[in-house]
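>>> Provided below are the primary sequence and the corresponding predicted coordinates.
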Amino acid sequence: MDFKGRNVLITGGGNGIGAATAKKFAGYGANVIVTDLDGAAADSVAKEIVSSGGIALGLKLDITKIKDWNDAATKIHAAYGKVNVVFNNAYLKILKPAHLTSVEEWDKQIDVNFGGIHKSVITFIQDLQDTNGSMVNTSSVHAHFGFLGAGVYAATKGGIVSLSNQLAVEYGPKVRVNAVLPGPIMTRAWDTATDENFDEAIRGNAMHRMGLPEEVAEAVCFLASDKASYISGASLLVDGGFSAQKDLSKS
């Protein structure tokens with residue numbers, strides 16, 4: 001895949017899937033704009049890319065604030081020009097059942113997980129139209145089935161699939177929009193997981209292992225690349241067969 005001369009914006013790029021994807025895009029020649037609510041983390045990833053010979057810029061971005069998006073656009077346009085690819089990856093997950101989730105917690109997750117994509121469209125859809133660009137949005141396997149104790153998170157991930165479909169229809173043929181649906185991926189989201197949690201995740205997928213952020217990153221790069229030129233409105237599972245398998249031990 002070749003992204004030389006293309007400008008790629010990534011949200012939630014300070015760690016995990018976002019950081020791995022930033023490095024992959026840079027390896028394929030892209031100018032990468034790494035953004036994160038943690039500006040220091042974004043800057044650290046960008047510096048790592050630059051030290052490896054790539055081109056990158058780290059920016060602090062609160063995806064719930066349109067002013068932050070506008071400020072980011074100003075800096076990006078001054079440094080690199082128009083954006084060719086937007087990878088909406090930032091998310092918020094609060095582990096509570098619906099009835100114990102406060103209105104504020106409910107609204108915040110929707111604002112981050114769902115509203116951030118809307119603000120990216122407001123800010124960068126003209127760039128994507130002008131460059132025949134691409135958008136990839138991070139959903140989850142939980143778009144298709146429930147996540148016990150994290151109902152709002154799962155619901156927003158389902159919404160991301162639907163929104164991605166709508167954006168593909170609304171802005172095609174110039175802009176392609178797709179969703180990537182990771183399964184159990186070894187990121188810091190698993191830092192507090194128990195041995196039982198890992199055992200369930202590993203036993204529950206056909207590959208019998210945890211996935212790596214780099215494996216999701218390759219899928220994102222593919223969806224954003226010219227090799228996926230006739231793919232739009234798609235939901236690509238990257239879950240090792242997690243969603244294809246029923247755990248019979250719990251039947």
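Right, received. Where do you want to start?
>>> mind jotting down where the strands sit in the stretch 101-250 of the chain?
Along the stretch 101-250 of the chain, the segments classed as strands by DSSP state E, counting those that start in this stretch run 134-138, 176-182, 235-238.
>>> quick one: strands adjacent to the first one?
According to DSSP bridges, strand 134-138 has the following sheet partners: strand 85-88 (parallel), strand 176-182 (parallel).
>>> in JSON lines, list the ones you listed along with distance to residue 219 and mean pLDDT.
All C-beta atoms are positioned from the backbone trio N, CA, C, and that covers glycine. Shown next, in JSON lines, are these (distance: least, C-beta to C-beta, whole Å; pLDDT from 0 to 100):
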{"stretch": "strand 85-88", "distance to residue 219": "11", "mean pLDDT": "99"}
{"stretch": "strand 176-182", "distance to residue 219": "5", "mean pLDDT": "99"}
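>>> switch those over to JSON lines; also include distance to residue 245.
Listed next are the strands paired with strand 134-138 as JSON lines, based on distance: least, C-beta to C-beta, whole Å:
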{"stretch": "strand 85-88", "distance to residue 245": "28"}
{"stretch": "strand 176-182", "distance to residue 245": "15"}
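>>> among those, which is nearest residue 43?
With C-beta to C-beta as the measure, strand 85-88 is the member of these nearest residue 43 (17.9 Å).
>>> got the buried residues for stretch 223-230?
If you call a residue buried by 16 or more other C-beta atoms under 10 Å, then stretch 223-230 has these buried ones: 223-225, 228.
>>> list phi and psi for residue 35.
phi -120, psi 150 (degrees, to the nearest 10).
>>> which ones are touching it?
By C-beta atoms under 8 Å, 6 or more residues apart in numbering, the contact set of residue 35 is 9-13, 42, 58-61, 72, 90.
>>> most neighbours, which of the residues you listed?
residue 13 (33 neighbours; other C-beta atoms under 10 Å).
>>> what count of nearby residues applies to the residue nearest to that residue when sequence neighbours are not counted?
Distances taken as C-beta to C-beta, 6 or more residues apart in numbering put residue 34 closest to residue 13, at 3.9 Å, once the chain neighbours are dropped. Neighbours of residue 34 under the rule other C-beta under 10 Å: 33.
>>> adjacent strands (with direction) for the helix or strand containing residue 34?
Secondary structure assigned from DSSP states H and E places residue 34 in strand 31-36. Applying DSSP bridges, strand 31-36 is found paired with strand 7-10 (parallel), strand 55-60 (parallel).
>>> how about TSV for these, with mean pLDDT added?
Converted to TSV, the strands paired with strand 31-36 look like this (pLDDT from 0 to 100):
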stretch	mean pLDDT
strand 7-10	99
strand 55-60	98
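>>> residue 156 is nearest to which of the ones you listed?
The nearest among these, by C-beta to C-beta, is strand 7-10 at 19.0 Å.
>>> which among the contacts of residue 35 gets closest to residue 193?
Nearest to residue 193, judged by C-beta to C-beta, of the contacts of residue 35 is residue 12 at 19.5 Å.
>>> mind listing the helices for the stretch 101-250 of the chain?
Remark: helices assigned in the stretch 101-250 of the chain by DSSP state H, counting those that start in this stretch are 103-110, 116-130, 151-171, 195-203, 213-224.
>>> so which of these is the most surrounded?
When the helices of the stretch 101-250 of the chain are scored by mean count of other C-beta atoms under 10 Å, the highest mean neighbour count falls to helix 213-224 (a mean of 22).
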